[in-house]
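K.L.:
structural data only, the sequence is not supplied:
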């Protein structure tokens, strides 16, 4: 007896929960990544800018600001690259597609990548994705545009990191420690 023409009464229970679980994990990983972003008004606070007194002071500021504003700086560079591709729609489509591949294979992956039974390390994934991304962008004809926009973004970030004072930056650990010491001091 054949079942041709019969309509299934239930959907496959294994595919829907897995897809929803992957989407919820991806949302959580994005939230965790964006949680390290500092408030934009902290970056653009005009009272926190002055020129460094020496080259050593500038390099110290750059190091501390890079650590403190890493996610913000990455977003600034990505926005500059994105705007540089407005007049190159094919490159923008390729850029967005490659960002999706990066998200799927590198940033949002919880488990190790296994291909043909072999474990692929994060370092190998990073190198291969970088080469593929650069190669694909070479084919679009906007490579110089992308390289120049990345350099412009890095210069903007470097200038900001050099002139932004670091004396009022508070790390999350220091803030938590300050709250703990105040509450401990107030209870005794």
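P.N.:
Yep, it's here. Bear in mind that the values here come from a model prediction, so they are computed numbers and not experimental data.
K.L.:
list the contacts for residue 156?
P.N.:
Residue 156 makes contact with 76, 80, according to CB atoms under 8 Å, 6 or more residues apart in numbering. No exception for glycine: its C-beta is placed from N, CA and C like everyone else's.
K.L.:
lowest mean pLDDT among the helices and strands, pick that one out for this protein.
P.N.:
helix 172-187 (a mean of 48; mean pLDDT, DSSP states H and E).
K.L.:
burial count for the residue nearest to residue 49 when sequence neighbours are not counted?
P.N.:
The spatial neighbour of residue 49 that comes closest, neighbours along the chain excluded (CB to CB, 6 or more residues apart in numbering), is residue 163 at 5.2 Å. The number of residues packed near residue 163 is 16, by other CB atoms under 10 Å.
K.L.:
so, low pLDDT: which residues of the chain?
P.N.:
Low-confidence segments of the chain, defined by pLDDT under 70: 1-19, 22-23, 25-26, 29-37, 170-188.
K.L.:
for this structure, just list every one of the helices.
P.N.:
With DSSP state H as the criterion, the chain has helices at 15-35, 40-43, 55-68, 70-84, 89-102, 122-140, 143-163, 172-187.
K.L.:
now those in a markdown table, with distance to residue 110?
P.N.:
Formatted as a markdown table, these follow (distance: least, CB to CB, whole Å):
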| stretch | distance to residue 110 |
| --- | --- |
| helix 15-35 | 6 |
| helix 40-43 | 30 |
| helix 55-68 | 26 |
| helix 70-84 | 20 |
| helix 89-102 | 15 |
| helix 122-140 | 12 |
| helix 143-163 | 29 |
| helix 172-187 | 24 |
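K.L.:
among those, which is nearest residue 116?
P.N.:
Among the helices of the chain, the nearest to residue 116 by CB to CB is helix 122-140 (13.6 Å).
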